[in-house]
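J.: For reference, the sequence and a predicted model appear below.
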Amino acid sequence: MSEMPETEEILEMVFDLVRVFSKSMPFTPGAVEMNTLEFYVFMFVALKGPNPMSEIARKLSVSKSNITAVVDKLESKGYLKRLRSSTDRRVVHVTLTEGGEELYEGILENFENIIQKALSRIPPEDLRIISEGFERMVKVFLREGEKR
């Protein structure tokens, strides 16, 4: 059995993975104009569905005032919109607009192309092991993140 990687090695691998994925996303028209926080907020709403602004702030560890400013900017670009909750008028949900859905589809298509190219170079057994390991890591980190 191989030796467990050091913390710094793991951090570097995660950083490199995020950096490479992030680098590929700006080629999607619309995403190129977003800063990192805008992109994260947009992707959070696209992947997790409509959410209250307070929940987006909590999940992304950002202040509510920052989320408000980011949503304002993405709303002005036509990617997000605010909807008042039908059960509690104090709660404002953020959701994708039609333009946001189109942008997300472009990002998803771009991502799928990148993933397919990378996965086509990995033998099926290695891919199964990587997939299982990645799934376990994500579950552990999500559980730990929810505790905070």
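T.: Here it is on my side, so go on. Quick caveat, the model's predicted, so the values are computed rather than measured. Numbers count the residues shown, from 1 in each chain.
J.: Distance of the residue nearest the centre of the chain relative to residue 54?
T.: The centroid of the chain falls nearest to residue 43 when counting by CA atoms, centre = their mean (4.4 Å). Per CB to CB, to the nearest Å, residue 43 is found 18 Å from residue 54. Backbone N, C-alpha and C define where each C-beta goes, glycine included.
J.: rewinding a little: list the buried residues for the host helix or strand of the residue nearest to the centre of the chain?
T.: Using DSSP states H and E, residue 43 falls within helix 36-48. Within helix 36-48, the residues scored as buried using 16 or more other CB atoms under 10 Å are 38, 39, 40, 41, 42, 44, 45, 46.
J.: would you list those in TSV and tack on pLDDT and distance to residue 29?
T.: Shown next, in TSV, are the buried residues of helix 36-48 (pLDDT from 0 to 100; distance: CB to CB, whole Å):
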residue	pLDDT	distance to residue 29
38	95	15
39	92	14
40	93	19
41	97	18
42	97	14
44	97	20
45	98	19
46	97	15
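J.: need those in a markdown table with distance to residue 31, can you?
T.: What follows is the buried residues of helix 36-48, written out as a markdown table (distance: CB to CB, whole Å):
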| residue | distance to residue 31 |
| --- | --- |
| 38 | 9 |
| 39 | 6 |
| 40 | 12 |
| 41 | 12 |
| 42 | 8 |
| 44 | 14 |
| 45 | 14 |
| 46 | 11 |
